[in-house]
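Chemist: sequence and predicted structure, then a few things I'm wondering about:
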Amino acid sequence: MKTKKISKVDLIFEHINPREVLTKACDMSPEDIINEMLESGLKGRGGAGFPTGMKWKLCAEEKNRTKYIVCNADEGEPGTFKDREILDRVAYKVYTGMAIAGRAVGAKKGIIYLRGEYKFLLPQLRMELDGFHKMINEICYDFEIDFRLGSGAYICGEESAMFESIEGKRGEPRNKPPYPTASGLFGKPTVVNNVETLVNSVIILKYGAEKYKLLGTRFSTGAKVFSVSGDTPIPGIYELELGMSLLEFVNEFGDGDTKAVQVGGAAGFCVPRKLFASTVIGFEGVPTGGSMKLFNSSRSMYHVLHNYLDFFAEESCGQCTPCRVGCQQLLKGVESVKRGESKSTYLNELVKLAATMKIASKCGLGQSVGNAFNSIVENFREEIIY
Amino acid sequence: MKKDKMVNLKINNQPVSVPEGSTILQAAKKLNIHIPTLCNHDDLCVAGNCRVCVVEQKGAKVLAAACAQPVQEGMEILTNSMKVRNARKHVIELLLSEHRADCTKCYRNQNCELQTLANEFSFGDHLFLDIVGDHERLIDDASCAIIKDDSKCIRCQRCVRTCSELQKVSAIAVSGKGSDMKISTFHDRPISHVVCTNCGQCVNRCPTGALTEKNYIDFVWDAIYDPEKYVVVQTAPAVRVSIGEDLGYDPGERVTGKMVTALKQLGFDSVLDTDFTADLTIIEEGTELLTRLRKALVEKDKDAVLPMYTSCSPGWIKFIEHKFPEMLKNLSTCKSPQQMFGALAKTYYAQNIGVSPEKIVSVSIMPCTAKKYEANRPEMRDSGYKDVDYVLTTREFAMMIKQAGIDFRMLEPSNYDSIMGDSTGAGAIFGATGGVMEAAIRTAYEIVTGKPVPFDNLNIIPARGMEGVKEASLKIEGCLKEWSFLEGVELKVAIAHGLTNANKVMTAISKGEADYHFVEIMACPGGCIGGGGQPIPTNMTIRQQRIDAIYAEDLSMPIRKSHDNPEVKKLYEDFLEKPNGHKAHELLHTHYVERVRY
């Protein structure tokens, strides 16, 4: 597969004049805004990669006087810390993105669901928001944003669990359909976008879809903010064009001894060294919400896997069987194989179980546990057993 | 009427057409394709959380929960593909791995939905490791009515949905997440120390043995075998139309006579009828209502509050004590028929048969788990002894019949013993929602006007039916002289069943939006025939079948008005003197307790 060279860009954190972008949005019809988004090929930056323009279009088509824009700032994926940085440095671009989305779909109310652990950002964010509200009032832009704080549950990053949480209920995913664009927060049509996705919408409106598309590949347009951590001499936040190979990435960020990279956090995939060259970072290859965790040969992949499973066993909401019990079984199962209490062939049963969890769980959490599990067990089987 | 838009799809390659908004499960039912379910229950909202009902949709990446997924035009569903079978087996194996499968010791053995699924999908060694012991799972058996065993819980949340949707109580809810997720009470307190009304609707919907009633069978056997004891048994109106279900009959079969014979064969010394005290309740409660009306309308007595609420349903009593304590004075002071019976069994009946009351053991067979709690209330000892010693549910009773090896089908019917065994059609319909109201009106109208109620064949149709809240009014005309203050009064009544509906009526009354004179509330959906102690399963169809049987029972009775019950008349002549008299107050009336809201 043809891959791109690694290339750093500076669009997300670049300072702009939000008033200019919003005035431009005001001059455009909602249809034009949505078309621009569709044209740009922007896909959700939270990790799932749903086309943003399509989401807005579906919500815009709903006939309801009340609609909501919800900004998913419940950044909880292990190894992801880019939304915190974005909110810390350019929160006004997030607000601007929400206001644009509001105009596009016909929503007047926005809610930012902020991860509970990011509470320290709140005073600063509120102050900036006051300024933003003043500014949009001046240009007669009818949109209002409010904050809701999470309480530390990973599952509340799942959009429908987030609605439940905002509504004051226990954060548990809902059955879908209905999808949020038809019946979301308080049963109203709702667009949920990740922090970074919203900032991308501002970039697209400022520079135009044509220019935006020049970055990235056909299936993964634009650039992406990566949270780089693990065995790297230069951990941190990097904005990189999509479409590079993992090898390019490791050459830039690795310590020369990288044996695996966990792309996309606990819910993502573990790519071993032998696949670095053939793995594209992007929606056509391995998608990521931004988390890139590098492991060198000093790391035990058993401990890496154990850590993830421990995390899932605790963070599953517990309502559906495959996820609640499945996570516990995977965790207990690898422990048992490691201790020699179960035969190594028991791992095969667990791989099948992980496959069931992938197709039978109620929401994305349970459906993605198998990603890390199967990719680690498949590639580092001997480290799990011995 | 607007015709439903139809959606066409294929299930296992068979075409089917169902109204838009139907689920895959409903569509499959139409084709007689069975999809196993666990968290799904006809009475409750869709949860989609057990994932036993997953099916494959051609072209979709993930499986769909048939109970939750709406049909779409052109959908192609496979309910038994390799993918589905494997996933379903995994799901069941996972549930088994967190369930303490003490089947032979379990109360729900042979009537457990998980056991049934395990039979179909899991044989030989378990696929996964046992994780039951990984958690501290408590068994809460402090309550005299309901036992909660977390180690058998499979977290389908039927109980949680029952408690919040049907009953508006929310005594049990989900707490914790992931591996710690469990069904819990407020601050993990015992069931007996929270707002639980003991209605047992959760018990009736639990697919496993995680929620059960407290079992008193062995105490009853001990009493029966004790030569020193004289064991008296009463049977509630709703039991005779449902006990058959646990003994191989179809729902809605009336087995009154056989049931009486079975009780005699079990060794009870006297087999008597709660229907008798149901009739008595009508006399007492009807008189109380008329007295309240006189005090309120004529004497303008501020203490005589209206509307008056019925007090037969112990689940409802505990509900109002917790949630609307300010309205306790609206409750009729009449004890429930069970407790009236208990108080009379150890006084009037004991005197008549010449047995000392301390030797009498009074047992009642009820469709209800809250009755167990009611019998244990400290104020229910007006005979000088515990008025009702043991309460058995319909299910426990069926179990006793099986234990005794009685071939129920072959039994010859027999009659209740006298002098507390006679009953009327009015007593029988106590078992259905609206029944107490109908029975009360049949009597009160006749007391006031001297004429029978102006309804065809005494059937007060507006009081019947499964609507959650029913309202009716009846103009009183042609009053006797004594009751002339009621002439032309439009008697307004309301009937609610299920505590969610009770809550609606109470809220309307406290907001001043409703001006009823008399309100009947039953804690359980459909009234006692849908009680928490009734055979499992209970659902909408079965409730209707039991109700039909109750009204058939009413029609079959030679006497259909409580005040015509000859044994009740004799009771007043020989013992109680007059309705609401001194003795009646002492034995048949009670008081209530204000309780906290959490």
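Modeler: Arrived safely. Residues are numbered from 1 along each chain as shown, chains lettered A, B, ... in the order given.
Chemist: got the residues of chain A near chain B?
Modeler: Residues of chain A lying near chain B by C-beta under 8 Å from any C-beta of the partner chain: A:153, A:155, A:170, A:172, A:175, A:177, A:312-322, A:324-329, A:332-333, A:336, A:342, A:349, A:352-353, A:356, A:358-362, A:367. Where C-beta positions appear, they are placed from N, C-alpha and C, glycine not excepted.
Chemist: how many other residues sit next to the closest residue to chain B within the stretch 1-150 of chain A?
Modeler: Closest contact between the stretch 1-150 of chain A and chain B, by C-beta to the nearest C-beta, is at residue A:48 (12.5 Å). Number of residues near residue A:48 (other C-beta atoms under 10 Å in any protein chain shown) recorded here: 16.
Chemist: in three-state terms, label it for me.
Modeler: The three-state label given to residue A:48 by DSSP: H, G, I helix; E, B strand; the rest coil is coil.
Chemist: wait, isn't it in contact with residue A:364?
Modeler: Yes: using C-beta atoms under 8 Å, residue A:48 is in contact with residue A:364, at 6.7 Å.
Chemist: any stretches of the chain with poor pLDDT?
Modeler: Picking chain A for this. Residues of chain A that meet the criterion pLDDT under 70 lie in A:1-2.
Chemist: my bad, chain B
Modeler: Along chain B, the model assigns pLDDT under 70 to residues B:1-3.
Chemist: helix, strand or coil: sort out residue B:10 for me.
Modeler: Following three-state DSSP, we place residue B:10 in the strand state.
Chemist: what about residue 59, which helix or strand?
Modeler: No chain specified, so I'll use chain A. Per DSSP states H and E: residue A:59 is located in helix A:52-61.
Chemist: actually chain B
Modeler: Using DSSP H and E, residue B:59 falls outside every helix and strand.
Chemist: tell me the angle of the next helix-or-strand element following the helix holding residue A:59 relative to helix A:52-61?
Modeler: Next helix or strand after helix A:52-61 toward the C-terminus (DSSP H and E): strand A:68-73. In terms of direction (axes from the mean of the first three to the mean of the last three C-alpha atoms, to 10 degrees), strand A:68-73 departs from helix A:52-61 by 150 degrees.
Chemist: where's the residue of the stretch 101-250 of chain A found nearest chain B, which helix or strand?
Modeler: In the stretch 101-250 of chain A, the residue that lies nearest chain B is residue A:175 (4.1 Å; C-beta to the nearest C-beta). Assigned by DSSP H and E, residue A:175 belongs to no helix or strand.
Chemist: distance check, it against residue B:66.
Modeler: Per C-beta to C-beta, to the nearest Å, residue A:175 is found 11 Å from residue B:66.
Chemist: coming back round to it: and the helix holding residue A:59, what's buried?
Modeler: A:52-53, A:55-60 (16 or more other C-beta atoms under 10 Å in any protein chain shown).
Chemist: before we move on, what about stretch A:17-27?
Modeler: With burial defined by 16+ other C-beta under 10 Å, the residues of stretch A:17-27 counted as buried are A:18, A:21-22, A:25.
Chemist: neighbouring contacts of that stretch?
Modeler: With contacts defined as C-beta atoms under 8 Å, 6 or more residues apart in numbering or on different chains, stretch A:17-27 is touched by A:33, A:92-93, A:95-96, A:99-100, A:103, A:132, A:135-136, A:139, A:141, A:202, A:205-206.
Chemist: which ones among those map onto helices?
Modeler: Secondary structure defined by DSSP state H assigns A:33, A:92-93, A:95-96, A:99-100, A:103, A:132, A:135-136, A:202, A:205-206 of those to helices.
Chemist: before we move on, the earlier item: who touches the residue of the stretch 1-150 of chain A closest to chain B in this structure?
Modeler: Taking C-beta under 8 Å, 6+ apart as the test, what residue A:48 contacts is A:287, A:364.
Chemist: equivalent analysis for residue B:521, please.
Modeler: With C-beta under 8 Å, 6+ apart, residue B:521 has these contacts: B:309-310, B:313, B:316, B:495-497, B:502, B:505.
Chemist: kindly recompute the last result at 6 Å.
Modeler: Applying C-beta atoms under 6 Å, 6 or more residues apart in numbering or on different chains, we find residue B:521 in contact with B:316, B:496, B:502.
Chemist: specify the beta-bridge partners of it.
Modeler: Using DSSP bridges, the bridge partners assigned to residue B:521 are residue B:496.
Chemist: tell me how many other residues surround residue B:227.
Modeler: 5.
Chemist: that older thread, dump the ones in helices among the contacts of stretch A:17-27 into a markdown table; add neighbour count as well.
Modeler: Formatted as a markdown table, these follow (neighbours: other C-beta atoms under 10 Å in any protein chain shown):
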| residue | neighbour count |
| --- | --- |
| A:33 | 23 |
| A:92 | 20 |
| A:93 | 28 |
| A:95 | 27 |
| A:96 | 29 |
| A:99 | 31 |
| A:100 | 30 |
| A:103 | 22 |
| A:132 | 22 |
| A:135 | 17 |
| A:136 | 22 |
| A:202 | 26 |
| A:205 | 24 |
| A:206 | 19 |
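Chemist: mind saving the C-alpha coords of stretch B:191-207 as PDB?
Modeler: Only the C-alpha atoms of stretch B:191-207 are listed here, as PDB (Å, rounded to 0.1, in the frame of the first residue of the first chain):
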ATOM      1  CA  ILE B 191     -34.700  -5.300  51.600                       C
ATOM      2  CA  SER B 192     -36.600  -5.100  54.800                       C
ATOM      3  CA  HIS B 193     -35.100  -1.800  55.600                       C
ATOM      4  CA  VAL B 194     -35.800   0.100  52.400                       C
ATOM      5  CA  VAL B 195     -38.900   1.400  50.600                       C
ATOM      6  CA  CYS B 196     -39.700  -2.100  49.300                       C
ATOM      7  CA  THR B 197     -43.400  -2.700  49.500                       C
ATOM      8  CA  ASN B 198     -42.900  -6.500  49.400                       C
ATOM      9  CA  CYS B 199     -45.300  -6.700  46.400                       C
ATOM     10  CA  GLY B 200     -43.100  -9.400  44.900                       C
ATOM     11  CA  GLN B 201     -43.600  -8.300  41.300                       C
ATOM     12  CA  CYS B 202     -39.800  -8.600  41.000                       C
ATOM     13  CA  VAL B 203     -39.900 -12.100  42.400                       C
ATOM     14  CA  ASN B 204     -42.500 -13.000  39.800                       C
ATOM     15  CA  ARG B 205     -40.300 -11.600  37.000                       C
ATOM     16  CA  CYS B 206     -36.900 -12.900  38.100                       C
ATOM     17  CA  PRO B 207     -35.800 -15.500  35.600                       C
END
